[in-house]
Structures are given as structure tokens and as C-alpha cells.
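Undergrad: everything below, folded, please.
(chains A and B)
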2 protein chains.
Amino acid sequence: MDLAKRSINNPILRPKDINPSIEGMHIECLLNPGVFQFEGKTFLLLRVAERPLQKEGVCTVPVFNERGEIEILQFKNDDPGLDLSDPRVINYKGQDYLTTLSHLRLVCSDDGVDFYEPEGFPLLTGDGDQESYGIEDCRVTQVEGTYYLTYTAVSPTGVAVGLRTTNDWISFKNHGLIFSAHNKDCTFFEEKINGNFVALHRPSSPELGGNYIWVAKSPDGIHWGEHRCIAQTRKGMWDSARIGAGAAPVLTDKGWLEIYHGADENHRYCLGALLLDRNAPYKVIARSEEPIMEPIMQYEKYGFFGNVIFTNGHLVDGDEITVYYGASDEVICMAKLSIQEILESLKI
Amino acid sequence: MDLAKRSINNPILRPKDINPSIEGMHIECLLNPGVFQFEGKTFLLLRVAERPLQKEGVCTVPVFNERGEIEILQFKNDDPGLDLSDPRVINYKGQDYLTTLSHLRLVCSDDGVDFYEPEGFPLLTGDGDQESYGIEDCRVTQVEGTYYLTYTAVSPTGVAVGLRTTNDWISFKNHGLIFSAHNKDCTFFEEKINGNFVALHRPSSPELGGNYIWVAKSPDGIHWGEHRCIAQTRKGMWDSARIGAGAAPVLTDKGWLEIYHGADENHRYCLGALLLDRNAPYKVIARSEEPIMEPIMQYEKYGFFGNVIFTNGHLVDGDEITVYYGASDEVICMAKLSIQEILESLKI
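TA: Residues are numbered from 1 along each chain as shown, chains lettered A, B, ... in the order given. All right, here's what the predicted structure looks like:
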């Protein structure tokens, strides 16, 4: 079952459509945008994964330095301290490095289909030693007028959730890590519940437990507690290996509708839905037995990492959800879903 | 190097010294007590790990039910859905269960050496589905008159940090999970810093990162943020595989002195020290190159799980720290350390 009506313009953005952040870098992938409206336009906050142009005989690794600038480390390929056995991660003398470095970049559109880079807005890079390996997969949620940016902050000490806020997309406040390692896939709810901010997040457990979706509460958006696991992976199903929240839940007359991603043991990423109680969102009312969207198109099945549909941004207009998503970890696409059809598929 | 003066009465408590919580259970181990003073006495909050008396042909597994009572599940040994290959964890049809169940129990003493079970105090059991596999290794920290109990909450959804508070040890308030899975080894500081509660905790990461010590801040003790990793494991050293905070840091004239545990790849657990900046405790001033205490006595080298010294409770009197510790994951011991000697060993 696939409930999505894909844009005929897909992919709407490819790596070649934008320029590297600095000379000497090559854009490997565009991934998983946060989505919001600002000054009458639709904005995507893209994750841009870059790699240094490779040189013969040396292995180059990009990191953000203390000023948030890209710095390129070089290791000689014949250095016995170097381990190149994993294409995503390089190990040098016991320290892991990522082969690509992600920053976040704004593009905007008048019609939600044709996007361009607006002038005068900064790109967002890793800020400090807890983001030296990049920032990724940012959810953008507007709560009481302020934009809350929750993103994956990567560093040698782990993968955690960072928070920045802005009102004008020019100046940003960095509130540090709101969830410690290992955690990602965090989105705020658009409304407070009983006076508290609410968020979904995805800690990972190396022992008991797994890659499950949790909910937490906060009086100020910066300090979080009252954690509860609300959804686990399901053995033998499409979401058997890992699940994680997408963008902010959508308030419907049946409760909060959350579009989440699930992957199986073959790393095939599909989308499904969770319906959460309006006042007690740790209560799951219903959950998709089958995906509501799965990789079926060429651009979803083949690419940098094939068979992946991943969303963390959408716009809602009445019954219609316009989902922006990363396909095959390489290009940006869009599709429309009907809230009513998703709710019907949940058989409540 | 071992700076500890052990009690000649060690072990001061063994499993046979106290009674199982209910008939049909057997106490397998006493572990890792929280320590505090109350009404002029020294109290230990023991972790008591129990196992159901085994019956022929069946495998029994203890869990806490919704009322916090022990419930014993039975699986037939010849059930093909049962996997008994790991002595600590049983798997039945894809679900993991622990072979032992831990609750927390108070014992008290007039002299700090001879302990007995006081009357009129409840034992603490798992409360709700996030603690159904037990509660473990509780740190007790008094902040502004209230006792904060931070403990490992275990359930099928993971290993996380729970918080309860009390003023009288009769009634307790459960504040839920303050750190989501995978997390343990959490202690509060005894003083607020710049108006905030401060805690050390130990998230674990299945990918980048590892079993490292982090610090976090909270305006209310219940909601936490501003996480920072402050100490990593050190390759080739005694704390190469995992580290975790012990009891509350001790304020010295050089900064906060934290006694932590470190284990190597052979699961040998020793104690070391971290010295943290008084006003910015995410800054590490010094760290033990060698353990300040390591398993050398018979009762530390041999037992339920040998070569383990683990502390999460102590009393401070001037220069003297009386450390209560679990030895070999089976018995409770005590030793004295000098703050001055520890600081000297840090060569600052």
C-alpha cells in the first residue's frame, strides 16, 4: 500500500543544483530537509553532505573546527595507523572520522516546487566540539512564534540532539545538546500540552531495548524529562530494525498524527503513521500495519544508499500533507498525502 | 597503586545476612549501595538481586508487575521458543528477560560497620512498566534538605535513569525517567551551581562514542539539558572499556573530586578520580592515570562476578572519605580514603 501522490517534478533537488560550501569540497548528497513557511515562502533546511575532493595517495577527512569552518585532515594511505575498511567511517589510530561532513542550508520557493538559494541567510555549520563531525536531519517546529531547530549533532563523543532557536533565520541561539548520545530523530510538537513543550526522540540502546521512539516533556524547551518509550520496532514487519519520528505531529480530530520512518534488517526505509492521544501523547491509539509510503520509484530505489524514503519536514493545508523527503540518501523529493486516507488506513 | 584502607570487617554484608523480599526468592547478590545519614544513623540503600528458587524442567523469570510486586513467569525448558545460552539474560520468543530482579533495601548502623534492617521503612521496588525488570545502583544525594534518589530503571524498553525524592524515607515521589535509554551511573551534585542542579550520567552509544561520563544541568532536578561529554574511556589503560560516576562529587579546595569506576576489556572494575572545575564542572582539571583502588582482596577477586570494585555511596568527614562498595558483584565492603592523598595522586 502506498498512499502518496508523488510530484512529477521529482527529484526536485539534486546535489548538482547547489554549490559546495567552500572550494575543494564536493556535494555527495542532499538529504532530509526540515520544512517551514517564512515571509510567505516555503523554505527547506537541507542537509548537505560534502566530501573533500580526493587526492592521490592521501585520505582526506572533513571536520568543523572551533570557528565552525571546514578543516580538512589528511592521512597518507600507506600509514599503518589508517583503517579504510568501512566506506562511511575512517579509523585513524583508534579515532573514528566520518568520510562526509553535513551542514544545513536554506533554499526557498514561491510555489513549493521550484527552489532557489535566497540571499542574505547564513548556512548552519557545526558549532563547537560537540558538532565537529557535522549537523544533520533538522526538524523545524514553530512554537508560540519561535522556530525550534532540533538536529543530529555528531562528534567523536557520539550522536546526540542539538537545539537552536531563531525568529528571523539570521541570528540563532544555540541551546546545546538537549538529549545526550545516542539520540536522533527529535521533533517538537507545535503546541504545548498542559503548559509543557513535548518532543519525540529516538535513543538507541546497545543492550536491552533498541531503536525505539520515546516522548519527553519540558517546561522551557531546553531541559527535558519524564521520558517514556512509546513505540518499539516490530519483529518480522517493515519497521523491524529501527524507527524514528519525522516532522512535528499533525493535530487531527482523532489525536496527534505522526508520520515516522521504519527500516527493516535490509535497511529499507518506509514511512508509516502513529496516532497519539491528544492530551496524553505517550498513549498510542493506532499504528500502521503496512507502510503508507515505500520506495518504489527509480529515484527512491537507486542512489547513494538505495531503498530509502526518509522525511522530517512537511506542510499541512487542510486535509493535505505535502511531504518533502530524502530519496536514496541523495536527492530531495515531494509527495502529497491525505490525512483522512492515513487515518482510514489505521482502521480506527 | 591502591590508596584505600579496607575495613578488617569486610565483607560487612553478605547475601545471607538479609532475608529475601518474598517467599520463593533467593538472594543472589548484594550490590552497590547508596549511602546517606538520616536521624543520626548511617544508612545504606542496598541493591538486592534476587532469583526465584529453581524448579525442575522449568525456567523461572522474575518481573515487577504493575503494583510493584514480584511476579514469576515460567517457561518450560523444552519450549523451542526459549533461548538459555546467556546466563544473565533469557530470551523467549524474541523478548529478553533478566534472570535476577533487583530491588532497593535500607539497612542502617550506629557505627557505620554493623548494619541491620530498620523497622518501619518500605523497600523500594520497580514502579510501572519502565521499571518492570528492576531498579539498581541507587545514588542518594541530599540537595537543599531533600534526598534525590537516582537509579538504574530496567525494562524491556531499555536501561534508563529514574528519579525519586523523599524527605522521610517513608513516602516517596516518583518523577519518572530523567535520562532515556541507554543510561545509568547518574549522581546529582550536592550543591546547585549558578542556580541549577548538576548531574553526572553515563549514556552508552552503539556507534560513534562509547561508555563515557557526561554532565547535565537542570533548573528543577526533573528536566535536564545542556549535556556535555566530560570523560572518555582511554585505550590501553585500566579504564579502556567503560567508565561511570560513583556517588556525588566532593567539594575540595581544588574543585569537585569525583570517584568513578573504570573497567577494561576483561571487565576488571577499579576506582579512579576526576577533578572538575568548581564553577564549570564540565572542565576536567585532572584524572587518575592509575587506579586509586583496585580488586586485590580475595572477596574482591572472587565471587558472583570477580575482579569488581564498584562504588556509588560514601560519607565524607574532613579529609576522610568512607567508601561503601560492592565487591565481586556479591558482597558489601567498606574502605577509607584520604582526600589529600587522592589529590596528590592526581599530581596537580
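
Undergrad: going forward, measure contacts between C-alpha atoms and count neighbours the same way
TA: OK.

Undergrad: A:Val308 pairs with what?
TA: Assessed by DSSP bridges, A:Val308 has beta-bridge partners A:Tyr269.

Undergrad: do you know how far it is from A:Glu300?
TA: 6 Å (C-alpha to C-alpha, to the nearest Å).

Undergrad: and those two? Which one has more around it.
TA: Under the criterion of other C-alpha atoms under 10 Å in any protein chain shown, the comparison of A:Val308 against A:Glu300 puts A:Val308 first, with 29 against 25.

Undergrad: for the stretch 201-348 of chain A, what lies in contact range of chain B?
TA: Residues of the stretch 201-348 of chain A lying close to chain B (C-alpha under 8 Å from any C-alpha of the partner chain) are A:203-210, A:212, A:217-219, A:222-229, A:232.

Undergrad: does any bit of stretch A:152-165 sit next to chain B?
TA: Yes: using C-alpha under 8 Å from any C-alpha, we find that stretch A:152-165 touches chain B at A:155-159.

Undergrad: from the middle of its chain, how far away would that stretch be?
TA: Stretch A:152-165 sits 12 Å away from the centroid of its parent chain (C-alpha atoms, centre = their mean, to the nearest Å).

Undergrad: now stretch A:170-190
TA: With C-alpha atoms, centre = their mean, you get 11 Å for stretch A:170-190.

Undergrad: what does stretch A:147-157 give?
TA: That offset, for stretch A:147-157, works out to 10 Å (C-alpha atoms, centre = their mean).

Undergrad: now it - C-alpha only, CSV.
TA: Coordinates of each C-alpha in stretch A:147-157 appear next as CSV, following Å, rounded to 0.1, in the frame of the first residue of the first chain:
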residue,chain,number,x,y,z
TYR,A,147,11.4,28.4,15.3
TYR,A,148,12.9,25.4,17.2
LEU,A,149,15.6,23.6,15.2
THR,A,150,16.3,20.1,16.5
TYR,A,151,19.1,18.3,14.7
THR,A,152,21.5,15.5,15.0
ALA,A,153,24.8,16.7,16.4
VAL,A,154,27.7,14.4,15.5
SER,A,155,31.2,14.4,17.2
PRO,A,156,33.8,11.8,18.4
THR,A,157,31.8,11.7,21.7
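
Undergrad: could you give the backbone dihedrals for A:Glu265?
TA: phi -60, psi -20 (degrees, to the nearest 10).

Undergrad: excluding chain neighbours, what is closest to it?
TA: A:Ala241 (5.5 Å; C-alpha to C-alpha, 6 or more residues apart in numbering or on different chains).

Undergrad: how close does the residue lying closest to A:Arg139 once chain neighbours are set aside sit to A:Gly128?
TA: In space, and not counting its chain neighbours, A:Arg139 is closest to A:Gly34: 4.7 Å by C-alpha to C-alpha, 6+ apart. As judged by C-alpha to C-alpha, A:Gly34 and A:Gly128 stand 22 Å apart.

Undergrad: neighbour-wise, which of the two wins?
TA: Legend: neighbour count by other C-alpha under 10 Å for A:Gly34 and A:Gly128, higher for A:Gly34 (29 against 15).

Undergrad: run through the bridge partners of the more buried one.
TA: A:Leu45.

Undergrad: what sits up against the strand or helix carrying A:Val154?
TA: If you go by DSSP states H and E, A:Val154 is part of strand A:146-155. Outside strand A:146-155, the residues that touch it by C-alpha atoms under 8 Å, 6 or more residues apart in numbering or on different chains are A:126, A:129-142, A:159-167, A:177, A:183-188, B:208-209.

Undergrad: what comes up buried for it?
TA: Within strand A:146-155, the residues that qualify as buried are A:147-155, counting by 16 or more other C-alpha atoms under 10 Å in any protein chain shown.

Undergrad: show me where the stretch 1-150 of chain A has strands.
TA: A:5-6, A:25-38, A:41-52, A:58-64, A:70-76, A:82-83, A:89-92, A:95-98, A:101-109, A:135-143, A:146-155 (DSSP state E, counting those that start in this stretch).

Undergrad: can you tell me the centre-most residue of chain A?
TA: Centroid-nearest residue in chain A, with C-alpha atoms, centre = their mean: A:Asp137, separated by 2.6 Å.

Undergrad: in the stretch 1-150 of chain A, what residue lies closest to chain B?
TA: For the stretch 1-150 of chain A, the residue closest to chain B is A:Asp96, as judged by C-alpha to the nearest C-alpha, at 7.2 Å.

Undergrad: so that residue bridges to which residues?
TA: Following DSSP bridges, A:Asp96 is listed with bridge partners A:Asn91.

Undergrad: verify the stated contact: it with A:Val89.
TA: Yes: proximity of A:Asp96 to A:Val89 meets the contact threshold set by C-alpha atoms under 8 Å, at 6.4 Å.

Undergrad: any idea of the pLDDT on A:Ile178?
TA: As predicted, A:Ile178 sits at a pLDDT of 98.

Undergrad: next up, the contacts around it.
TA: The contact partners of A:Ile178, taken as C-alpha under 8 Å, 6+ apart, are A:161-163, A:222-224, B:224-227.

Undergrad: what's the angle between the helix or strand it falls within and strand B:173-179?
TA: In the assignment (DSSP H and E), A:Ile178 maps to strand A:172-179. Relative orientation of strand A:172-179 versus strand B:173-179 (axes from the mean of the first three to the mean of the last three C-alpha atoms, to 10 degrees): 110 degrees.

Undergrad: name the SS class of A:Glu300, please.
TA: Put simply, A:Glu300 is helix when judged by DSSP: H, G, I helix; E, B strand; the rest coil.

Undergrad: for chain B, see how far away it is.
TA: 26 Å (C-alpha to the nearest C-alpha, to the nearest Å).

Undergrad: show me what contacts that residue?
TA: Counted by C-alpha under 8 Å, 6+ apart, A:Glu300 has contacts A:306-309, A:327-328.

Undergrad: how near is A:Val58 to B:Tyr269?
TA: Distance from A:Val58 to B:Tyr269, by C-alpha to C-alpha: 40 Å.

Undergrad: compare neighbour counts for those two and give me the winner.
TA: Taking neighbours as other C-alpha under 10 Å, A:Val58 and B:Tyr269 compare with B:Tyr269 leading, 28 against 14.

Undergrad: verify the stated contact: the more buried one with B:Ile309.
TA: Yes: proximity of B:Tyr269 to B:Ile309 meets the contact threshold set by C-alpha under 8 Å, at 5.4 Å.

Undergrad: mutual contacts of those two, please.
TA: B:261, B:294-295.

Undergrad: report the buried members of those residues.
TA: Of those, these count as buried by 16+ other C-alpha under 10 Å: B:261, B:294-295.

Undergrad: correct me, but A:Asp2 touches A:Met297?
TA: No: contact criterion C-alpha under 8 Å: A:Asp2 and A:Met297 do not qualify, at 11.5 Å.

Undergrad: save the buried ones among the shared contacts of B:Tyr269 and B:Ile309 as JSON lines, and put in secondary structure, distance to chain A and pLDDT too.
TA: As requested, those are exported to JSON lines (DSSP: H, G, I helix; E, B strand; the rest coil; distance: C-alpha to the nearest C-alpha, whole Å; pLDDT from 0 to 100):
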{"residue": "B:His261", "secondary structure": "strand", "distance to chain A": "19", "pLDDT": "98"}
{"residue": "B:Glu294", "secondary structure": "coil", "distance to chain A": "26", "pLDDT": "98"}
{"residue": "B:Pro295", "secondary structure": "coil", "distance to chain A": "26", "pLDDT": "98"}
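
Undergrad: in strands, which of the contacts of A:Ile178 fall?
TA: A:161-163, B:225-227 (DSSP state E).

Undergrad: farthest pair in these?
TA: Between any two of the ones in strands among the contacts of A:Ile178, the greatest separation by C-alpha to C-alpha is 11.3 Å, found for A:Leu163 and B:His227.
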